[in-house]
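# Everything below, folded, please.
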Amino acid sequence: MPKSVSESGKTVDPSRNEGAYWAIMLLANFRRIGTKWQVKNIPSWPSGAPSRREFLRQKLTSIVAIYIILDVLSSGPPPDANVVGIRNQVLLLRIPELTSDELIFRVIAVTVYWINTYLFNLFMIEVASFVSVLTGITTPDQCRPLYGPIKEAWSIRQFWGTSWHQMFRRGIQGISDLANDAFFIPRGTLLSRYFRLTVSFAISGLIHFSADMSMRIPLAEAGSMAFFLAQPLGIMIEDAVQHVYKKQGIKFLRGYEHILGYVWLIAFQLWITPTWFYPPIRHMNPEKDGLLPFSLVSAIFS
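Sure thing, here's the model as predicted:
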């Protein structure tokens, strides 16, 4: 490729510039979209990538809508500290004393928390995608949807591996593979499979644990590691159950297996999720630790 001359009169090597561009893009392209390293289960555009103009219109509409929804969901008063106390985080050993009020609150709180988390992650990616396409850094086809289909979340494994975002999967998977090989665990074995799975969730736990520390949550109360390390345990349980009933030749009517899976996933997350998000609720300062920089709801109704 011939070299060209820039406006300053200096010689420029286009191949070097192109290489630098793709190196930077690869660092920013967490899911490695469009490369041979593309992460599994990245959703595609249902009817093909939209035009640049349509993409920007969709993203701008989505950004405004998500901001309003997040604002509404986070504008309510915080719950009483006793309701989200340390004792109420755990559930398994307290089932006999569980009241209907606590159960209703737990269901509502966990549901709202996951909706908030889902939308906040989506909001950040929508803003980044809008800016990158607007400035010409990327094309709409490079900005695939963040989440997979919710209907595919019929198990804990499916939820994390297909329906949830895969932004950090490639990096975390690389570290877990390195740890596996460092311990000389043979690839393809059951031990290797669950070791890498556990290491992956442990890394996720450490990432979120740093967020706990930034919110000044006491070390003894931070629940991120407990939450994320419970996920591989749940996956091992569901794998074992599936193995047993398939080995026994048990067959479910079409769709019933997935219905049972949805129930299992919901029950599992209702059990463990408060361990993760009750501590931030107890220690957050609504005025300083708000989810959004500016509340439209508060401005309108104050």
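# lowest-pLDDT helix or strand in the protein?
strand 4-5 (a mean of 42; mean pLDDT, DSSP states H and E).
# For Ile33, grab the count of nearby residues.
For Ile33, the neighbour count with other CB atoms under 10 Å is 17. Where you see a C-beta, it was placed from the backbone N, CA and C, and this is true even at glycine.
# Settle this for me: Thr35 is touching Asn29, isn't it.
Yes - counting by CB atoms under 8 Å, Asn29 is a contact partner of Thr35 at 7.2 Å.
# Those two: which has the busier surroundings?
More crowded of Thr35 and Asn29, by other CB under 10 Å: Asn29, with 17 against 13.
# how close does the more buried one sit to Asp141?
12 Å (CB to CB, to the nearest Å).
# likewise Ala182?
38 Å.
# of these two, who's got more company?
Asp141 (15 against 8).
# Please tell me I have it right and that one contacts Trp45.
Yes - here Asp141 reaches Trp45: they are 7.5 Å apart, a contact under CB under 8 Å.
# Quickly find the element holding Gln158.
Assigned by DSSP states H and E, Gln158 falls within helix 156-158.
# contact partners of the following helix or strand past that helix?
In the C-terminal direction, the helix or strand that comes right after helix 156-158 (DSSP H and E) is helix 169-182. Outside of helix 169-182, the residues within contact range by CB atoms under 8 Å, 6 or more residues apart in numbering are 30-32, 37, 39-40, 187, 192, 195-197, 199-200, 203-204.
# Give the rounded mean pLDDT of helix 169-182.
The average pLDDT for helix 169-182 rounds to 94.
# likewise stretch 53-66?
97.
# residues contacting Pro140?
Pro140 touches 45, 49-52, 55, 133, counting by CB under 8 Å, 6+ apart.
# Tell me the one among those residues nearest to His243.
Trp45 (36.1 Å; CB to CB).
# mind checking how far the closest one is from Thr198?
34 Å.
# more neighbours, those two?
Thr198 (19 against 13).
# if I read this right, Val127 contacts Val64, doesn't it?
No - the pair Val127 and Val64 does not pass the contact test of CB under 8 Å, sitting 10.9 Å apart.
# Show me which of the two is the more surrounded one.
Val127 (16 against 11).
# What strand or helix carries the more buried one?
Going by DSSP H and E, Val127 is part of helix 100-134.
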